[in-house]
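Novice: Dropping a prediction and its sequence here:
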Amino acid sequence: MTTTQAPGPGARTAHPEHLGHVIFIAAAAAMGGFLFGYDSSVINGAVEAIRSRYGIGSAELAQVIAIALIGCAIGAATAGRIADRIGRIRCMRIAATLFTISAVGSALPFALWDLAFWRIVGGFAIGMASVIGPAYIAEVAPPAYRGRLGSFQQAAIVVGIAVSQLVNWGLLNAAGGNQRGRLLGLEAWQVMLGVMVVPAVLYGLLSFAIPESPRFLLSVGHRERARRILAEVEGDHIDLDARVAEIENAMKREHRSSFKDLLGGSFLFKRIVWIGIGLSAFQQFVGINVAFYYSATLWQSVGVNPTESFVYSFTTSIINILGTVIAMIFVDRIGRRPLALIGSAGMVVGLALEAWAFSYPLVGGKLPATQGWVALIAAHVFVLFFALSWGVVVWVLLGEMFPNKLRAAALGVAASAQWIANWAITASFPSLADWNLAGTYVIYAAFAALSIPFVLKFVKETKGKALEEMG
């Protein structure tokens, strides 16, 4: 495995002179995360309408909802190679264009298979953005701020979730509480999906306002341009020549990452790649996206009326934002591993309480009052602990844990694993819930518990290290 020189003190402690500009750059790149969050949650408002319009059962419905994640996995797997060839910014623009087209197609489907096709296209765009965002932010951010700026990806995801829940609630009320009510000549659920055009176009426009990654520019020989961008983000007071030389020296010891670089050992991939895959899998196997894809349907299944179920989905999104803010404050203070362990313990408690509450039979179509309140509070506890830990920590770690030689390709594989795990959970939940809702949450709680020894044994702390130190 390639080793690189550690950065000098100037690079490690550099504080940008224009921090606001660096924050803007990271926020713009994280708009891909906003699209992911918005798309993940906006479908929540359309689930029952799609079931009704096309007359499909739980298994078929789950495949339509989850099929976008197959596109996400493909997009994530290919994004690293594309970004190494044409640059991070052009990748963002391709993703924005594809997502815009997908939003229009999803709003105007003429058949169920047509809706599924456009969701795959949108998923491909989100998969690309999910890889490019963290990698770009990690490459542009000064080491002193990288954890907090890297957490912008998850912050954008949770804001996207909350905004989509709020928009869905507003459109549902405008349609008289009926997902199939008429709005703007369409059914309400179609308008919900069509509104995704707005953040997609904004993402594309923002890509014209931020600079290319200095590491990519150096890889294609644009040394002076890279130097100017480093001055923008790390400050003129550092030794820019030394900083450029440091990155160039690190790049001379490596070549552009490819899938072949990830292979090694007796288990196909190198150990560090498996750790990244494990982080991605555990992040999804705790069932977090059930809370955003199916929350309205879940609450309705235990007797909550449609309007109130959308309100509960929105309050969960607010808790999600709160937890993400907590993580952003502490990720560079106490480190990645401690946050992950705290979050895992909290998720075990929340999921176990949900499993207990859902184990009780419905009375008059509703959970008993005590169990209903426990389920509602426990759901919010689960989301809070996920948001303040695994939601942020995994994206930060994936952006910085891999050696330079492997980073783009390894991040692509890890992100693909995340989308595949997301698909497995999303596609299986309706059938599992029909089988045994409480048992389903026991499974999620077990994965949350298993994530604790995984972190303790395999995950190394990356707080305060420069990317060139990863090896």
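Specialist: Noted; the coordinates are in hand.
Novice: alpha carbons only for contacts and neighbour counts from here, please
Specialist: Fine.
Novice: May I see the buried residues of whichever strand or helix holds Leu115?
Specialist: According to DSSP states H and E, Leu115 maps onto helix 112-140. Under the neighbour-count criterion of 16 or more other CA atoms under 10 Å, helix 112-140 has 115-140 buried.
Novice: Now find how far off-centre it is within its chain.
Specialist: 10 Å (CA atoms, centre = their mean, to the nearest Å).
Novice: helix or strand right after that helix?
Specialist: helix 146-150.
Novice: Need the contact partners of the helix or strand following that next one.
Specialist: Scanning forward in sequence from helix 146-150 by DSSP H and E, the next helix or strand is helix 152-174. By CA atoms under 8 Å, 6 or more residues apart in numbering, the surrounding residues in contact with helix 152-174 are 26-27, 30-42, 45, 133-134, 178-179, 183, 188, 191-192, 292, 307, 310-311, 313-314, 317-318, 320-321, 324-325, 328, 391-392, 395.
Novice: Which of these fall in strands?
Specialist: Of the contacts of helix 152-174, the ones assigned to strands by DSSP state E are Leu183.
Novice: okay, how far is it across stretch 230-239, tip to tip?
Specialist: 10 Å (CA to CA, to the nearest Å).
Novice: Excluding chain neighbours, what is closest to Gly439?
Specialist: Residue nearest to Gly439 in three dimensions, not counting chain neighbours: Ala355, with 6.7 Å by CA to CA, 6 or more residues apart in numbering.
Novice: Same question for the helix or strand hosting that neighbour: list its buried residues.
Specialist: Remark: Ala355 resides in helix 336-358, with elements defined by DSSP H and E. The neighbour-count check on helix 336-358 (16+ other CA under 10 Å) flags 336-358 as buried.
Novice: for stretch 227-236, same thing?
Specialist: 227, 229-236.
Novice: now those as CSV including secondary structure and pLDDT?
Specialist: What follows is these, written out as CSV (DSSP: H, G, I helix; E, B strand; the rest coil; pLDDT from 0 to 100):
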residue, secondary structure, pLDDT
Arg227, helix, 85
Ile229, helix, 85
Leu230, helix, 83
Ala231, helix, 81
Glu232, helix, 78
Val233, helix, 78
Glu234, helix, 76
Gly235, coil, 71
Asp236, coil, 69
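Novice: where does this structure dip in pLDDT?
Specialist: 1-18, 236, 253-261, 265-267, 296-297, 300-307, 464-471 (pLDDT under 70).
Novice: need the longest helix for it.
Specialist: helix 407-458 (DSSP state H).
Novice: which helices and strands sit right next to that helix?
Specialist: helix 58-86, helix 112-140, helix 271-285, helix 290-293, helix 336-358, helix 390-400 (3 or more CA pairs under 8 Å, 6 or more residues apart in numbering; DSSP states H and E).
Novice: could you check the angle helix 390-400 makes with it?
Specialist: Orientation check (axes from the mean of the first three to the mean of the last three CA atoms, to 10 degrees): helix 407-458 against helix 390-400 gives 120 degrees.
Novice: circling back to that earlier point, by how many degrees do the helix holding Leu115 and helix 390-400 diverge?
Specialist: Note on geometry: by the same axes, to 10 degrees, helix 112-140 and helix 390-400 are set 60 degrees apart in direction.
Novice: for helix 112-140, packing partners?
Specialist: Checking 3+ CA pairs under 8 Å, 6+ apart, helix 112-140 ends up next to helix 19-29, helix 31-42, helix 58-86, helix 88-107, helix 146-150, helix 214-219, helix 390-400, helix 407-458.
Novice: What residues sit buried inside stretch 417-433?
Specialist: Neighbour-count burial for stretch 417-433, with 16+ other CA under 10 Å as criterion, is recorded at 417-433.
Novice: give me phi/psi at the residue of the chain most remote from its centre?
Specialist: Of all residues in the chain, Gly364 has its C-alpha farthest from the mean position, at 38.1 Å, by CA atoms, centre = their mean. For Gly364, the backbone dihedrals are phi 60, psi 30 (criterion: degrees, to the nearest 10).
Novice: now swap in Asn289 and tell me
Specialist: Per degrees, to the nearest 10, the backbone of Asn289 is at phi -80, psi -10.
Novice: That one: neighbouring residues, count only.
Specialist: Using other CA atoms under 10 Å, Asn289 has 20 neighbouring residues.
Novice: And it, how far from Ser280?
Specialist: Look at Asn289 and Ser280: by CA to CA, they are 13 Å apart.
Novice: With Phe208 instead?
Specialist: Phe208 is 30 Å from Ser280, by CA to CA.
Novice: tell me the contacts of the nearest residue to Glu212 once chain neighbours are set aside?
Specialist: What sits nearest to Glu212 in space, not counting adjacent residues and going by CA to CA, 6+ apart, is Ile89, at 5.9 Å. The contact partners of Ile89, taken as CA under 8 Å, 6+ apart, are 207-208, 211-212.
Novice: So Ile89 versus Ala415, what's the distance?
Specialist: Using CA to CA, Ile89 is found at 19 Å from Ala415.
Novice: on that earlier part again, can you lay out the helices and strands packed on helix 112-140 as a markdown table showing distance to Ile275?
Specialist: Formatted as a markdown table, the helices and strands packed on helix 112-140 follow (distance: least, CA to CA, whole Å):
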| stretch | distance to Ile275 |
| --- | --- |
| helix 19-29 | 25 |
| helix 31-42 | 22 |
| helix 58-86 | 17 |
| helix 88-107 | 25 |
| helix 146-150 | 19 |
| helix 214-219 | 25 |
| helix 390-400 | 10 |
| helix 407-458 | 7 |
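Novice: Write a ChimeraX command that selects only the buried members of the contacts of helix 152-174.
Specialist: A single ChimeraX command suffices to select whichever of these are buried according to 16+ other CA under 10 Å:
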select :26,27,30,31,32,33,34,35,36,37,38,39,40,41,42,45,133,134,178,179,183,188,191,192,292,307,310,313,314,317,318,320,321,324,325,328,391,392,395
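Novice: Tell me if I'm right that Gly447 and Ile288 touch.
Specialist: Not Gly; residue 447 is Phe. No. The criterion here is CA atoms under 8 Å, and Phe447 misses it with Ile288 at 11.4 Å.
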